[in-house]
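# sequence and computational prediction follow.
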Amino acid sequence: MAKKKTKGKGRLPFSERFKQAIDGSGLTRYRIAKDSGVAQSTISQFMNGKRSLSLKAVDRIAEVIDLEFISKQPQEQSEG
């Protein structure tokens, strides 16, 4: 099996970390599909590496699994 290429410090790609968050959410894919409005088949195909998700679908799933995205980069303060 080929290794997945990662950029910087051996981190997993975002899509892989998102899959881990889905699996670790404690919710079934069925429940995530029902609550997010994203088809269960779409979620399963994503989880199996057969397709990608739209950002809209990612947003909806993230809301259901209560996932928060935090950048490790310091945010610049805007003056205003």
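Looks like it arrived, so ask away.

# Ile61 contacts Leu55, doesn't it?
No. The pair Ile61 / Leu55 is not scored as a contact, 10.7 Å apart, by C-beta atoms under 8 Å. Where C-beta positions appear, they are placed from N, C-alpha and C, glycine not excepted.

# between these two, tell me which one has more neighbours.
Ile61 (26 against 7; other C-beta atoms under 10 Å).

# residues in contact with the residue lying closest to the more buried one once chain neighbours are set aside?
Distances taken as C-beta to C-beta, 6 or more residues apart in numbering put Ser36 closest to Ile61, at 5.0 Å, once the chain neighbours are dropped. The contact partners of Ser36, by C-beta atoms under 8 Å, 6 or more residues apart in numbering, come to 57, 60-61, 63-64.

# turn these into TSV, including distance to Tyr30 and secondary structure.
Converted to TSV, the contacts of Ser36 look like this (distance: C-beta to C-beta, whole Å; DSSP: H, G, I helix; E, B strand; the rest coil):
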residue	distance to Tyr30	secondary structure
Ala57	16	helix
Arg60	15	helix
Ile61	13	helix
Glu63	17	helix
Val64	12	helix
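
# mind giving me the ChimeraX select for those residues, buried ones only?
Command for ChimeraX, covering only those of these found buried under the criterion 16 or more other C-beta atoms under 10 Å:
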select :57,60,61,64
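
# from the contacts of Ser36, which is closest to Ile70?
For these, the residue nearest Ile70 by C-beta to C-beta is Glu63; the value is 15.8 Å.

# how close does the spatially closest residue to the closest one that is not a sequence neighbour get to Pro13?
Distance criterion C-beta to C-beta, 6+ apart; nearest residue to Glu63, sequence neighbours excluded, is Ser36 at 7.1 Å. Per C-beta to C-beta, to the nearest Å, Ser36 is found 21 Å from Pro13.
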